[in-house]
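> Fold the following, please.
(one chain, ligands or ions: 1)
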Amino acid sequence: MPSLRFIQRLGFIPVFLFLLLIAGCGSGTEGNGVVATTTLAADLASTLLPPTVPVVSIIGTGVDPHTFEARSGTIRQLHTAKLVVHHGLHLEGRLSELLAGLQKRSPNRVCCLADPILAEHPHLLRREGDEIDPHIWFSPRLWSLTIPELSRKLAETYPAHAETIFRNAGLAMESLDRLDRELRETLSVIPERSRVLVTSHDAFGYWGMEYGFEVLPIQGISTATEVAESSLRKLADIIRVRKIPAGFVESSVSPRTIEKLRQMLGNQVFELGGELYSDSLGAPGTAEANHAGMLRHNAALMAKALGQPRP
Ligand SMILES: [Zn+2]
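Reported below is the predicted structural model:
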């Protein structure tokens, strides 16, 4: 089977013909459900749908979406899905072009979660140079803004379930509101001067905006580039001067760089505050296997590492 890069080099029309060809070779059992790119997108779609509708994610638990490489099976899954749900804003780095192509050809069969925010609330999005930060699930408020369009597309795809989908959408938006209040309460033990997050990559910008944290990431909003030694030294200096007590590793990013940073700091007390979930949910069956559980886990770790005990 040709690699994705090879297929992409062939250009738009041959790729479409290729997809038709492999769809014809498929077993036909994969076209019955919703195919989401990440575990987060799958979780959101599952929350809105009745449990009888299958939802799968193609980028598995703990896998980094920025560097995920598609295989031929992935392309087939995307092509045969009833609805494809993806984040957009280049979160799915190497899949982005393929997803944009699918969306252009079959707009009713693809839902890009970021699109309604880009269209109606662009001022709420963080920009880093030419890039827009795709990690919108870290703001329950922004995540909630993706629900009306997703529920509309799901209801169009499954008209028999439309009533359930719209009812679940309302409940999900209320839950996100409650979650936001709960997170603020958990984080309230962290004094303002300690609200600094040293993390593996820049996934927590929206979290920082919502909950008043300064974010000092080792890598940028994508993990696709290597970290320069000089950037690590600069960050180590900031941590030393500001006496930041702890940093965090992330479940979908290698802990190598943050360990290197700890070595650089020598005797300075710079603890590992634990593993935050960033671009993937926790393993199935755990409390972190859904969006609310993941955010609760992160808030609790931050409160433990950076907070002061309640009087
Ligand atoms: Zn990320």
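
> for residue 182, what are its contacts?
Counting by CB atoms under 8 Å, 6 or more residues apart in numbering, residue 182 makes contact with residue 296. C-beta: built from backbone N, CA, C; applies to glycine.

> Name the SS class of it, please.
Under DSSP: H, G, I helix; E, B strand; the rest coil, residue 182 falls in the helix class.

> any idea of the pLDDT on it?
Looking at residue 182, its pLDDT is 98.

> Would you mind measuring from it to the ion?
Note on residue 182: its distance to the ion, by CB to the ion, to the nearest Å, is 24 Å.

> What parts of the stretch 201-311 of the chain come near the ion?
Residues of the stretch 201-311 of the chain lying close to the ion (CB under 5 Å from the ion) are 203, 279.

> Please repeat the previous calculation with a cut-off of 8 Å.
Within the stretch 201-311 of the chain, the positions near the ion by CB under 8 Å from the ion are 201-203, 221-223, 252-253, 278-279.

> By neighbour count, which of those residues wins?
Within those, most neighbours by other CB atoms under 10 Å means residue 203, with 29 neighbours.

> confidence score at that residue?
92.

> what do you get for the one 3 residues further on?
The score at residue 206 is 97. That number is its pLDDT.

> now the strand or helix carrying it, how far from the centre of its chain.
Counting by DSSP states H and E, the element that carries residue 206 is helix 205-211. Its chain's C-alpha centre and that of helix 205-211 lie 14 Å apart, by CA atoms, centre = their mean, to the nearest Å.

> nearest spatial neighbour of the residue nearest the centre of the chain, skipping sequence neighbours?
By CA atoms, centre = their mean, the chain has its centre lying nearest to residue 279, at 4.0 Å. Nearest non-adjacent residue to residue 279, counting by CB to CB, 6 or more residues apart in numbering: residue 252, 4.5 Å away.

> Also residue 286?
Nearest residue to residue 286 in three dimensions, chain neighbours excluded: residue 293, at 7.5 Å (CB to CB, 6+ apart).

> Any figure for the gap between residue 252 and residue 125?
Going from residue 252 to residue 125 by CB to CB, to the nearest Å gives 21 Å.
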